[in-house]
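1. kindly return the folded structure for what I paste below:
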Amino acid sequence: MTVVPDDHLMTLICDTCGDTVKATACVLPDAEVVWTLVSEQGWSGSPFATGPHRCPHCSLLPLPGGGHASCGDHGPGGILGIDHLDDVTVVAAAGDVDLDTGDTLRTALRHAADMGGHVVVDLSRVHLIDSTGLGHLVRAHRDARDRGAILCLAAPSRFIRTVLHTMRLDGAFPIFDSREEALAQLSKGPVLAQPTAAAATATRS
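-> Numbering: from 1, shown residues only. Reported below is the predicted structural model:
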C-alpha cells in the first residue's frame, strides 16, 4: 500500500484492514519517506511510502499465514549473538528488524547497556529495518550517550545506509564498514559522530 501525500498532509492506509489516518508529516528531504508519520501514529511497517503499513490494532494481530514478517527470502529478524570484548559489547542482528522481531533487538540492547561500556551493533546480516527498529537504535544511542558511552553501527547495508541518510540519522551514529573497524577505533579512544542538526534533534526526542 502506498501512503498518499496531499499538500502537507499524508494518509496512511493499513494493508490489513484498510483503515486510514491523515496527519501532518514532518518534512523530510525525500517525500517517499514516511518514518516520522508511521512512528508518531503508532503504526508499524516500512519507513518508505510504498509500504507495507499496519495500523496499531492490526499491528498486534498475527500476520496472515502466521510467522514473522520478512522481506523476500531474508527471513525473520533475530539476534545472532552478543559478545563481550573488554569494555565493548557487540550485538549481532540478522534478518528483518521490524515490529514482530524488534523486541529481540531491544532486549539485546538493554543487556548491552547493563554491561556498561560501548556498544557495537553489527548489522552486516540485517536486510531491512523499519520504524520500530530505528526507534530502538535511536533510544539505545541516547541511553549510551547519557551514560558516557558510544553506540556504533557496523556494516549496515546500502538500504539501511539510505534509510539513515534520508532520515538524517546517519550523523547521529558513528558508522563503520565492519565490526573489526569499529572495535579498532573504539580501542583508540572516543569516537564521535558529527550529527546534523536534524539528527541531533532526533536523538533528543
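2. alpha carbons only for contacts and neighbour counts from here, please
-> Noted.
3. any weak-confidence spans in the chain?
-> Applying pLDDT under 70 to the chain picks out residues 1-8, 25-33, 35-36, 39, 47, 51, 59-77, 190-205.
4. in it, which helix has the most residues?
-> When the chain is parsed with DSSP state H, its longest helix is helix 131-146.
5. could you point out the helix or strand that follows that helix?
-> Using DSSP states H and E, the next helix or strand after helix 131-146 towards the C-terminus is strand 151-154.
6. packing partners of that next one?
-> strand 118-129, helix 131-146, strand 175-176, helix 179-187 (3 or more CA pairs under 8 Å, 6 or more residues apart in numbering; DSSP states H and E).
7. do I have it right that V38 meets L134?
-> No. With contact defined as CA atoms under 8 Å, V38 does not reach L134; the gap is 11.6 Å.
8. where does T104 fall, helix, sheet strand or coil?
-> On the three-state scheme (DSSP: H, G, I helix; E, B strand; the rest coil), T104 is labelled helix.
9. now do the strands in the protein.
-> Here the chain has its strands, by DSSP state E, at 4-6, 9-13, 20-24, 44-45, 53-54, 78-85, 88-97, 118-129, 151-154, 175-176.
10. am I right that A93 is in contact with L128?
-> No. If you go by CA under 8 Å, A93 and L128 don't touch, sitting 11.0 Å apart.
11. joint contacts of those two?
-> Counting by CA atoms under 8 Å, 6 or more residues apart in numbering, no residue touches both A93 and L128.
12. just give me the residue closest to the centre of the chain.
-> L134 (1.8 Å; CA atoms, centre = their mean).
13. how near is that residue to G189?
-> In this view, L134 and G189 are 26 Å apart by CA to CA, to the nearest Å.
14. A140 - nearest residue in space that isn't next to it in sequence?
-> Counting by CA to CA, 6 or more residues apart in numbering, A140 lies nearest to L109, which is 6.5 Å off, once chain neighbours are set aside.
15. do the same with F176
-> Of all residues not flanking F176 in the chain, A154 sits nearest, at 4.8 Å (CA to CA, 6+ apart).
16. who's the one you found bridged to?
-> For A154, the beta-bridge partners are D122, F176 (DSSP bridges).
17. does it touch L123 like I think?
-> Yes. Counting by CA under 8 Å, L123 is a contact partner of A154 at 5.8 Å.
18. between those two, what contacts are shared?
-> Residues touching both A154 and L123 by CA under 8 Å, 6+ apart: none at all.
19. quick one: the residue nearest to A112 when sequence neighbours are not counted and P52, what's the gap?
-> Computed as CA to CA, 6+ apart, the closest residue to A112 that is not its neighbour in sequence is T89, at 5.8 Å. Counting by CA to CA, the gap from T89 to P52 is 33 Å.
20. may I have the distance across stretch 159-176, first residue to last?
-> 15 Å.
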